[in-house]
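Visitor: I'll drop the sequence and a predicted model, then ask my questions.
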Amino acid sequence: MAQYISSIQASTETETLSTRGITTKVFKGSLWTIIGQVLPLAASLFATHFVIKILGSEAYGVLILVGLIPSYFNFADFGMGLASTKFASEAYARGSRDGEGKVIRTAALIAFLTSLPIAAVIFVFSFSIAAWLKVPEHLQPETSLALKFATVTIVLNSLSGIFNTPQLSRLRMDLNTFVTSGFRILGIITAPIVLYLGCGIAGAVFVIMIANFLTLICHLFVSGKLLNELFGLSVDRDIIKPLLKFGGALAISGIAIILLINLEKLVLARVSSVEVLAYYSVAFTFASMATMFSGSMTQSLLPAFSQLLRPEKRHELNKLFSRSLRINIIGLIPTIMFLFVVAKPFFTIWAGDNFGRESSIPFYILLFGLFFNIIAYIPYIVLLAAGRTDILAKLSWIELFPYILLIAVLTNKFGAVGAAAAWSLRVIIEAGILIWLSKKFVGISLNLFKGKGYFFALIFLLLIPPILVVFFISNYSVGLVFLVPICIMIYFVIVWKKLLETEEKVWISNKMYAIFNR
């Protein structure tokens, strides 16, 4: 591994900064990132089966609640993770290695100073937080200790999301995947072991904290190999104001976004129980599988868009934007259909009859919303790259208050199903607004299928029959074994012949030829 990194370091010293082939770089980076998501997900699915069996649904709901705390406070870094990626990528494109290092160090200092007080408050009031969340009384002391460990993770995550910047700016998602996913898998696999040994919820959260600490150390090592100028004591005073302006708006919107993404879970815990939260969280986690490829692309797209936001690169920017969105839509439709078909049998076999019964309907509703949520990823990232975090902050807070009302009404009346419906309705509206904003403020010219909307409608309809079988016959119908692959096969034949551009077909053919003729 060290030799591999050293060879990369040597190559980066002489590399030519160019945006040629940036679509290929984004695609390769996305593949590495999706590998980094699939492997931890597979480990999580395997480990969670044992965690649920050991803890039971009530204690498992508490573990989920504690595990969500670091994600609730993603804004604690004051937006420095994304700010570091944007400004350091621009410095990298200019060939300023010293400037790149100063941007990262400055962002890390700001993130540490902003995340530490937030973590300290949660640390001190952890027992009160556990009581407010209506954690069963006998689990409150252990939940309090687990929350203390989770607060350390908040600071560690903030710094890790900055010190991996040299890997991101060079689109070296392979290295980022090795580091981030490797230790994440270690934490996931270790958690059920410590639970089995009787260490409880706090013990499981502790090993996750240690995994995050190791992730930070390894990011420092790898990024230092790529960028020797990373280490130093100086900061760039001139970049502080742009970082704070960019990150400040992100932090403000981040508070709203965390609530927008997770508020229904907190409300469920309050108005129902942690057991209902467990059913809903399993549905939400499994539905999120549909976002893996889109989520993986966004990590590569931010540095790519940042390097293309120049007048002479406008055509490349529009092309990358439209192609990224089209690829996501094409890949997403059959993924959603497949997940829809296998959901209930999977929940039943994996977690038990209760989860199969209680998690399936929320899951179906969430899938519908996730289709639009994934579409929203691309315009969101291009607005970030353009530095329009002010617009994103305004949008997030405008959305929040109607959403709170919607959740309060639907969750109180329909429980987990209502929570799923509220979340899905919000993201559908948000997707349309973000696409419009990217056109208005960044000047994106969107041309998805170039007059081939008829074929897009056709392939969409091709995947409806398996869903109808699930609704009107059964998830366990033998006919699905034959119907699903037939529909998917016809779907991709039409996509290949009618929806892909010639250069995309050539690129895919060349890549497949290279893979099978090594």
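Guide: Done, it's in.
Visitor: average pLDDT for stretch 475-482?
Guide: For stretch 475-482, mean pLDDT rounds to 83.
Visitor: Would you mind writing the CA trace of it as PDB?
Guide: Taking C-alpha atoms only, stretch 475-482 is exported to PDB below (Å, rounded to 0.1, in the frame of the first residue of the first chain):
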ATOM      1  CA  ASN A 475     -44.200 -10.400  -3.500                       C
ATOM      2  CA  TYR A 476     -43.600 -14.100  -3.500                       C
ATOM      3  CA  SER A 477     -45.100 -14.900  -7.000                       C
ATOM      4  CA  VAL A 478     -42.900 -17.300  -9.000                       C
ATOM      5  CA  GLY A 479     -43.700 -15.300 -12.100                       C
ATOM      6  CA  LEU A 480     -41.500 -12.500 -10.800                       C
ATOM      7  CA  VAL A 481     -38.400 -14.700 -11.200                       C
ATOM      8  CA  PHE A 482     -38.900 -14.600 -15.000                       C
END
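Visitor: what comes up buried for it?
Guide: Buried positions in stretch 475-482, judged by neighbour count with 16 or more other C-beta atoms under 10 Å: 475, 480. Placement of C-beta: from N, CA and C, glycine included.
Visitor: contacts for it?
Guide: For stretch 475-482, the external contacting residues (C-beta atoms under 8 Å, 6 or more residues apart in numbering) are 341-345, 466, 469-470, 473.
Visitor: one more time with 7 Å, if that's ok
Guide: If you take C-beta atoms under 7 Å, 6 or more residues apart in numbering as the criterion, stretch 475-482 is touched by 341, 344-345, 466, 469.
Visitor: what's the distance between it and the middle of its chain?
Guide: Centroid separation between stretch 475-482 and its chain, computed with C-alpha atoms, centre = their mean, to the nearest Å, is 32 Å.
Visitor: Local confidence estimate at residue 395?
Guide: 90.
Visitor: typed the wrong thing, it's residue 170
Guide: Among the per-residue scores, residue 170 shows a pLDDT of 85.
Visitor: So what's the residue count around it?
Guide: Neighbourhood size, residue 170 [other C-beta atoms under 10 Å]: 23.
Visitor: Could you do residue 338 as well?
Guide: The local packing of residue 338 (other C-beta under 10 Å) involves 18 other residues.
Visitor: Renumber starting at 538 from here on
Guide: Sure, I'll start counting at 538 from here, so that last one is residue 875.
Visitor: Now do the contacts for it.
Guide: Residues near residue 875 by C-beta under 7 Å, 6+ apart: residue 1021.
Visitor: Check residue 1004 too.
Guide: Applying C-beta under 7 Å, 6+ apart, we find residue 1004 in contact with 874, 877.
Visitor: can you rerun that using 8 Å?
Guide: Under the criterion of C-beta under 8 Å, 6+ apart, the neighbours of residue 1004 are 874, 877-878.
Visitor: Relative to residue 706, how far out is it?
Guide: 42 Å (C-beta to C-beta, to the nearest Å).
Visitor: Check residue 597 too.
Guide: Going from residue 597 to residue 706 by C-beta to C-beta gives 39 Å.
Visitor: Neighbour count for the two, which is higher?
Guide: Using other C-beta under 10 Å as the criterion, residue 597 and residue 706 rank with residue 706 on top: 28 against 23.
Visitor: roughly how far apart are that one and residue 732?
Guide: For residue 706, the distance to residue 732 (C-beta to C-beta) stands at 39 Å.
Visitor: cool, and residue 856?
Guide: Using C-beta to C-beta, residue 856 is found at 49 Å from residue 732.
Visitor: Between the two, which has more neighbouring residues?
Guide: Counting neighbours by other C-beta under 10 Å for residue 856 and for residue 732 shows that residue 732 has the greater number, 22 against 17.
Visitor: my guess is the more buried one meets residue 588, correct?
Guide: Yes: counting by C-beta atoms under 8 Å, residue 732 does reach residue 588; the two are 6.2 Å apart.
Visitor: Mind listing the shared neighbours of the two?
Guide: residue 741.
Visitor: what's the following helix or strand after the helix or strand bottoming out on mean pLDDT in the chain?
Guide: The helix or strand of the chain with the poorest confidence is helix 539-551; it has a mean of 46 (mean pLDDT, DSSP states H and E). Reading on from helix 539-551 to the C-terminus, the next helix or strand found by DSSP states H and E is helix 559-609.
Visitor: what helices or strands is that next one leaning on?
Guide: For helix 559-609, the packing partners by 3 or more C-beta pairs under 8 Å, 6 or more residues apart in numbering; DSSP states H and E come out as helix 677-700, helix 710-733, helix 737-763, helix 774-808, helix 811-824, helix 829-845, helix 851-888.
Visitor: Tell me how far stretch 1001-1015 lies from the chain's centre.
Guide: Distance of stretch 1001-1015 from its chain centroid, counting by C-alpha atoms, centre = their mean, is 30 Å.
Visitor: and the end-to-end length of that stretch?
Guide: Between the start and the finish of stretch 1001-1015 there is a gap of 17 Å, counting by C-alpha to C-alpha, to the nearest Å.
Visitor: Assess the claim that residue 884 and residue 897 are in contact.
Guide: Yes: using C-beta under 8 Å, residue 884 makes contact with residue 897 at a distance of 6.1 Å.
Visitor: Next, show the common contact partners of the two.
Guide: Residues touching both residue 884 and residue 897 (C-beta under 8 Å, 6+ apart): residue 820.
Visitor: So these two - more neighbours on which side?
Guide: The neighbour comparison of residue 884 against residue 897 (other C-beta under 10 Å) goes to residue 884, with 24 against 21.
Visitor: ok, the more buried one - contacts?
Guide: Residue 884 is in contact with 819-820, 823, 892-893, 896-897, 900, counting by C-beta under 8 Å, 6+ apart.
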